[in-house]
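**Student:** this one's structure only:
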């Protein structure tokens, strides 16, 4: 885009009445209108997209808090709990199916020697 503006600026400043490629600077500018319009449209859409992303991120933050409240309520519910089907179907691992987290890395190293 910068190059097009530079070409037009030089042509209009130095040879405003000279026809190049069977066009005047004004004719060249007219033929570039579709390109310029779509670039302007893209700029507007990119600005709108940026604003929408900011709105989405704010909505996601609020939703995450709400989701965490629901999940915590399921975990605390006497009928459901962390071992219930609802908790698992929500995408979480039931407490009874979790690994303990205990590792014995030192024992493996000794065996490898």
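**Tutor:** Right, received. Where do you want to start? Just so we're clear, the structure is a prediction, and the values are computed from it rather than from any experiment. Residues are numbered from 1 along each chain as shown.

**Student:** Find the helix or strand that the most centrally placed residue in the chain is a member of.
**Tutor:** By Cα atoms, centre = their mean, the chain has its centre lying nearest to residue 53, at 7.0 Å. Using DSSP states H and E, residue 53 maps to helix 33-76.

**Student:** what packs against that helix?
**Tutor:** Helix 33-76 sits against helix 85-89, with contacts defined as 3 or more Cβ pairs under 8 Å, 6 or more residues apart in numbering; DSSP states H and E. Every residue, glycine included, has its C-beta placed from N, CA and C.

**Student:** and the helix it packs on, what other elements does it pack with?
**Tutor:** helix 33-76.

**Student:** Now find how far off-centre the helix it packs on is within its chain.
**Tutor:** 8 Å (Cα atoms, centre = their mean, to the nearest Å).

**Student:** 58 is where my numbering starts, stick with that
**Tutor:** Shifting the count to begin at 58 puts that one at helix 90-133.

**Student:** what is the mean pLDDT for it?
**Tutor:** Mean pLDDT, helix 90-133: 96.

**Student:** Doesn't residue 160 belong to a strand?
**Tutor:** No. Counting by DSSP: H, G, I helix; E, B strand; the rest coil, residue 160 is not part of a strand but coil.

**Student:** Now do it: how many residues are near it, please.
**Tutor:** By other Cβ atoms under 10 Å, 9 other residues sit near residue 160.

**Student:** again, but for residue 139
**Tutor:** 18.

**Student:** So it is in contact with residue 130, correct?
**Tutor:** No. Under the criterion of Cβ atoms under 8 Å, residue 139 makes no contact with residue 130, lying 11.9 Å away.

**Student:** Quick check: residue 73 touching residue 86?
**Tutor:** No. Residue 73 lies out of contact with residue 86 (Cβ under 8 Å); the separation is 11.8 Å.
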